[in-house]
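Chemist: what's the 3D shape of this:
(2 chains)
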There are 2 protein chains.
Amino acid sequence: MESDFVAWLRRIVPTHPQLKLGIGDDAAVLSLASSQCVVTSDMLMDGVDFVMSECDPRRVGRKALAVNLSDLAAMAAKPVAAIVSIAVPTTASIEVTKAICEGLLELAAEYGLALAGGDTNSWSHPLAISITAIGEPTARGVLTRAGARAGDAILVTGEFGGSILGRHFDFTPRIREALKLHQRYELHAAIDVSDGLSLDLSRLGRESSCGAIIDAQCVPISCDAFRLAEQNSDSGSPLDHALSDGEDFELILAVSAETADRIVADQSIGVSLARIGEFVAEPGLWLRDETGECQPLVPRGYEH
Amino acid sequence: MESDFVAWLRRIVPTHPQLKLGIGDDAAVLSLASSQCVVTSDMLMDGVDFVMSECDPRRVGRKALAVNLSDLAAMAAKPVAAIVSIAVPTTASIEVTKAICEGLLELAAEYGLALAGGDTNSWSHPLAISITAIGEPTARGVLTRAGARAGDAILVTGEFGGSILGRHFDFTPRIREALKLHQRYELHAAIDVSDGLSLDLSRLGRESSCGAIIDAQCVPISCDAFRLAEQNSDSGSPLDHALSDGEDFELILAVSAETADRIVADQSIGVSLARIGEFVAEPGLWLRDETGECQPLVPRGYEH
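Modeler: Just a heads-up that it's a prediction; the model follows:
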């Protein structure tokens, strides 16, 4: 199976100026803008991150790459290349594997990313796909989770909650948005929301040795969160969904209060930016209501 | 599970001079010797590449990294870092995942490689582990599969066949050997033998637009190949095993006839080097007996 598939892949994968040696050797060779490289990896599995029997394999390929791009966005790194390892069930046709690659290549083209290589295997179990994305820092260096300071504002892109209704496949990795913001403003720290707004915010806080207060009425709640809450009132309020559903793949940013004012006023990146609270010196997480009263908030989301 | 595991990992993973940002952020940041980077990825699965219930998980971790190092060796690239994605069965204890990492880290330390990050997941299916290794070229550049020329000698490191008896776990990735040879001699092309000597040689030939003739009596046959052939005479001769078993993770090199003479005479890298035939202009693969007669040889080995 692998040799036919690799021959097909070599025919359809476009060349890329930074890919000096691509599919078909023991390893790929990339040429980067500098000697620094940014690397991230995510593995997605059938039954956990998607249900193969219920979805277009193109969307699986797209998602497998998009979650990695979201990680590069959180570092404000420019995507360069991806390398893909896949274990396909023996019962799946080669067309399924090809469709996965097509979905992935379409997104790669959109973000100027090279498909550098990978590893194709089959086994008698469900599909697992692992992608490693390689990026390069801009002249401003990378953003990390560790730079938030007490007094910083919490900014977020987009809306939260209910991504399970479809957005977890079709989200826009915030690469362009992150690069623009990082270029124009002084950002202190960032993380992407893969597991849940409250959980990922608490992670950013922990790495920055800060706590965080979320203003309940400021959290941008997606229509999907309202829909889910309406469908099943036991599942929590729309705000609960926004705080803990995960797979929003939006960015949380830490910036000074003054920078937050400017960014929110400018709204210059094509996706809404909202200020949803502030970082504080005391470690922990709180939800603040419109009267200003704070309640401790247990970070919730998807635990792997 | 992931957060405890990651906390443990951050405690035990050593620092590395080229790892500017390691485990615990959205991505890792590496500092390379130049702006070129070499990338390779392999996924291993329970029941295909090892049998989890029958082996020490340390050996699984070691193998998962070692197969990637073998790919870097085939490029004559210096290892820098690895990033590990893993899907662990929900029934496995965290101790198993830790043991896998310990096996991997031990080999990483031996080769001066940083563990840069990864992704840990659980699911209700067997273990799958995907590692991406990142290396850097030496001043001599990388070796590829594409440089063999008609008239070149075929050199191999080590011995072939029967790796299933244990060597597929405990092999030495030929990093040091490849770097030394690449430094001292003019090498034209290389590949590592992951799927079978005859199959991988035919791949090298195809990428170089050459054919190859193997001298049957020159192939270094491992004791394990003899053992397997004796255990089951239907499985083929010791030579058949050497030509097609795979997972030897030795190197095939293409060098000029004069260089081959020098390398074989010098034997300067601490593992035996044998000349097993020559590349020819006509595409194809042949086995030559001691009388000089050539028979076409069908490349055989492990097809993914």
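
Chemist: Low-confidence bits of chain A, can you list those?
Modeler: A:1, A:304 (pLDDT under 70).

Chemist: and with 50 instead?
Modeler: Within chain A, no range satisfies pLDDT under 50.

Chemist: hey, where'd the strands end up in it?
Modeler: Assigned by DSSP state E, chain A shows strands spanning A:19-21, A:28-31, A:36-45, A:77-89, A:114-123, A:128-137, A:153-157, A:189-192, A:211-215, A:251-255, A:273-280, A:284-288, A:294-296.

Chemist: want to throw those into a markdown table with distance to B:Glu290?
Modeler: For every residue, glycine as well, the C-beta is placed using N, CA and C. Shown next, in a markdown table, are the strands of chain A (distance: least, CB to CB, whole Å):
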| stretch | distance to B:Glu290 |
| --- | --- |
| strand A:19-21 | 39 |
| strand A:28-31 | 41 |
| strand A:36-45 | 50 |
| strand A:77-89 | 43 |
| strand A:114-123 | 39 |
| strand A:128-137 | 47 |
| strand A:153-157 | 71 |
| strand A:189-192 | 64 |
| strand A:211-215 | 77 |
| strand A:251-255 | 68 |
| strand A:273-280 | 76 |
| strand A:284-288 | 77 |
| strand A:294-296 | 82 |
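
Chemist: Can I get those in a markdown table including mean neighbour count and distance to B:Asp49?
Modeler: Shown next, in a markdown table, are those (neighbours: other CB atoms under 10 Å in any protein chain shown; distance: least, CB to CB, whole Å):
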| stretch | mean neighbour count | distance to B:Asp49 |
| --- | --- | --- |
| strand A:19-21 | 20 | 25 |
| strand A:28-31 | 22 | 22 |
| strand A:36-45 | 26 | 16 |
| strand A:77-89 | 26 | 10 |
| strand A:114-123 | 24 | 8 |
| strand A:128-137 | 29 | 13 |
| strand A:153-157 | 24 | 40 |
| strand A:189-192 | 26 | 32 |
| strand A:211-215 | 22 | 43 |
| strand A:251-255 | 28 | 37 |
| strand A:273-280 | 21 | 45 |
| strand A:284-288 | 18 | 42 |
| strand A:294-296 | 11 | 47 |
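
Chemist: which bits of the stretch 151-300 of chain A sit near chain B?
Modeler: Residues of the stretch 151-300 of chain A lying close to chain B (CB under 8 Å from any CB of the partner chain) are A:190-192, A:207.

Chemist: What is the burial count for A:Gln267?
Modeler: 11 (other CB atoms under 10 Å in any protein chain shown).

Chemist: What's the separation between it and chain B?
Modeler: 24 Å (CB to the nearest CB, to the nearest Å).

Chemist: Repeat that for A:Val193.
Modeler: Taken as CB to the nearest CB, the span from A:Val193 to chain B is 11 Å.

Chemist: give the contact list for that residue.
Modeler: A:Val193 makes contacts with A:156, A:160, A:200, A:246, A:248-252, as judged by CB atoms under 8 Å, 6 or more residues apart in numbering or on different chains.

Chemist: let's see 6 Å
Modeler: A:200, A:248, A:250 (CB atoms under 6 Å, 6 or more residues apart in numbering or on different chains).

Chemist: repeat for A:Thr172
Modeler: Applying CB under 6 Å, 6+ apart, no residues contact A:Thr172.

Chemist: And the helices in the stretch 51-200 of chain A, which stretches?
Modeler: A:57-74, A:94-110, A:167-170, A:175-184, A:197-207 (DSSP state H, counting those that start in this stretch).

Chemist: Could you identify which of those is most buried?
Modeler: Highest mean neighbour count among the helices of the stretch 51-200 of chain A (mean count of other CB atoms under 10 Å in any protein chain shown): helix A:57-74, with a mean of 26.

Chemist: Check which helices and strands that one sits against.
Modeler: Packing contacts for helix A:57-74, counted by 3 or more CB pairs under 6 Å, 6 or more residues apart in numbering or on different chains; DSSP states H and E, involve strand A:36-45, strand A:77-89, helix A:94-110, strand A:128-137, helix A:175-184, strand A:189-192.

Chemist: so how far is it off the chain centroid?
Modeler: 7 Å (CA atoms, centre = their mean, to the nearest Å).

Chemist: circling back: who wins for proximity to B:Leu32 among the helices of the stretch 51-200 of chain A?
Modeler: helix A:57-74 (17.2 Å; CB to CB).

Chemist: And the strands of chain A: which comes nearest A:Leu181?
Modeler: strand A:251-255 (7.0 Å).

Chemist: Contacts for that closest one, please.
Modeler: Defining contact as CB under 6 Å, 6+ apart, one finds that strand A:251-255 is touched by A:148, A:152-153, A:155-157, A:174, A:187-192, A:201, A:204.

Chemist: before we move on, the earlier item: how about the helices of the stretch 51-200 of chain A in TSV, adding distance to A:Trp123?
Modeler: Listed next are the helices of the stretch 51-200 of chain A as TSV, based on distance: least, CB to CB, whole Å:
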stretch	distance to A:Trp123
helix A:57-74	17
helix A:94-110	13
helix A:167-170	24
helix A:175-184	33
helix A:197-207	32
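
Chemist: so how many other residues sit close to A:Ile263?
Modeler: 21.

Chemist: And the closest residue to A:Pro14 other than its chain neighbours, how far from A:Glu102?
Modeler: Computed as CB to CB, 6 or more residues apart in numbering or on different chains, the closest residue to A:Pro14 that is not its neighbour in sequence is A:Ala109, at 7.2 Å. A:Ala109 sits 11 Å away from A:Glu102, going by CB to CB, to the nearest Å.

Chemist: if I pick the residue most central in space within chain A, what's in contact with it?
Modeler: Centroid check for chain A by CA atoms, centre = their mean gives A:Ser70 as the closest residue, at 2.8 Å. Shown in contact with A:Ser70 (CB under 6 Å, 6+ apart): A:173, A:192, A:249.

Chemist: And the last one, how far from A:Asp42?
Modeler: Translated: A:Phe249. Taken as CB to CB, the spacing of A:Phe249 relative to A:Asp42 amounts to 11 Å.

Chemist: Over to the first one?
Modeler: Computed with CB to CB, the distance linking A:Pro173 and A:Asp42 is 12 Å.

Chemist: coming back round to it: distance of the residue nearest to the centre of chain A from B:Phe160?
Modeler: 44 Å.

Chemist: try A:Ile83
Modeler: 28 Å.

Chemist: I'd like to know which of the helices of the stretch 51-200 of chain A lies nearest to B:Pro79.
Modeler: Between the helices of the stretch 51-200 of chain A, helix A:57-74 lies closest to B:Pro79; by CB to CB that is 22.0 Å.

Chemist: now that closest one and strand A:36-45, what's the angle there?
Modeler: 140 degrees (axes from the mean of the first three to the mean of the last three CA atoms, to 10 degrees).

Chemist: Need the contact partners of stretch A:81-93.
Modeler: A:30, A:65, A:97, A:113-124, A:127-134, B:39, B:41, B:43, B:45, B:128, B:130, B:132.

Chemist: Setting the sequence-adjacent residues aside, check what's closest to A:His16.
Modeler: A:Ala114 (3.5 Å).

Chemist: in the sheet, who's paired with that neighbour?
Modeler: A:Ala81 (DSSP bridges).

Chemist: who touches it in this structure?
Modeler: Contacts of A:Ala114 (CB under 6 Å, 6+ apart): A:16, A:19, A:81.

Chemist: neighbours around A:Arg227, how many?
Modeler: Quick note: A:Arg227 (other CB under 10 Å) scores 14 neighbours.

Chemist: again, but for A:Gly24
Modeler: Residues lying near A:Gly24 (other CB under 10 Å) number 18.

Chemist: next one: the one 10 residues further on
Modeler: Using other CB under 10 Å, the number of residues around A:Ser34 comes to 13.

Chemist: residue contacts, it?
Modeler: Counting by CB under 6 Å, 6+ apart, A:Ser34 has contacts B:Ser35.

Chemist: can we see that at 10 Å?
Modeler: By CB atoms under 10 Å, 6 or more residues apart in numbering or on different chains, the residues touching A:Ser34 are A:136-139, B:31-32, B:34-35.
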